[in-house]
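*Asks:* please find the sequence and the predicted model below.
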Amino acid sequence: MTTKTVDAKGRITLGRDFANQTVVIDDSNPNQLIIRKMVLIPAEEAWLYENGEAMKSLRAGLSQASGLQFSDSPPDVDSDAEDAE
C-alpha cells in the first residue's frame with residue numbers, strides 16, 4: 001500500500017508503473033477508488049474475443065506459423081484476384 005497526497009487541483013500521480021498505460025478508475029464508492037490497468041480492443045475486433053471457435057482457429061494458425069508449418073498447396077492468388085473482380 002502506498003500513501004499519496006492529492007494536490008490542490010485534485011490530481012495524484014500513480015508512479016512509473018502506470019506511465020503510458022490506459023487505466024479505468026472505478027469511483028462508484030465515494031470512499032474508495034479502484035484503479036486498474038486496461039488494454040482496449042477496437043470495437044470492430046471485439047468479435048474475435050467473443051467467438052471461441054474463431055480465437056481457437058487463430059491461435060492454431062499462429063502456432064503453426066511460428067513452427068514453420070505451412071500449407072503444401074498455397075492459395076492461387078491470380079485465381080482469387082479474378083474471382084474478386
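*Replies:* Looks like it arrived, so ask away. The model shown is predicted, which means the values in this text are computed figures rather than measured ones.
*Asks:* which residues in this structure form helices?
*Replies:* 46-50, 52-66, 77-84 (DSSP state H).
*Asks:* adding distance to Ile34, mean pLDDT and mean neighbour count, write those out as a markdown table.
*Replies:* C-beta: built from backbone N, CA, C; applies to glycine. Converted to a markdown table, the helices of the chain look like this (distance: least, Cβ to Cβ, whole Å; pLDDT from 0 to 100; neighbours: other Cβ atoms under 10 Å):
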| stretch | distance to Ile34 | mean pLDDT | mean neighbour count |
| --- | --- | --- | --- |
| helix 46-50 | 23 | 94 | 10 |
| helix 52-66 | 28 | 94 | 10 |
| helix 77-84 | 49 | 82 | 8 |
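*Asks:* can you redo those helices as TSV with distance to Ile12?
*Replies:* TSV is the format used below for these (distance: least, Cβ to Cβ, whole Å):
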stretch	distance to Ile12
helix 46-50	31
helix 52-66	37
helix 77-84	54
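*Asks:* and Ala43, how far from Lys37?
*Replies:* Distance, Ala43 to Lys37, by Cβ to Cβ, to the nearest Å: 20 Å.
*Asks:* higher neighbour count, these two?
*Replies:* It is Lys37, of Ala43 and Lys37, that has more neighbours when counted by other Cβ atoms under 10 Å, with 11 against 7.
*Asks:* quick check, pLDDT for the nearest residue to that one once chain neighbours are set aside.
*Replies:* Take Lys37 and drop its neighbours on the chain: the residue closest to it by Cβ to Cβ, 6 or more residues apart in numbering is Gln21, 5.0 Å away. Listed pLDDT for Gln21 reads 95.
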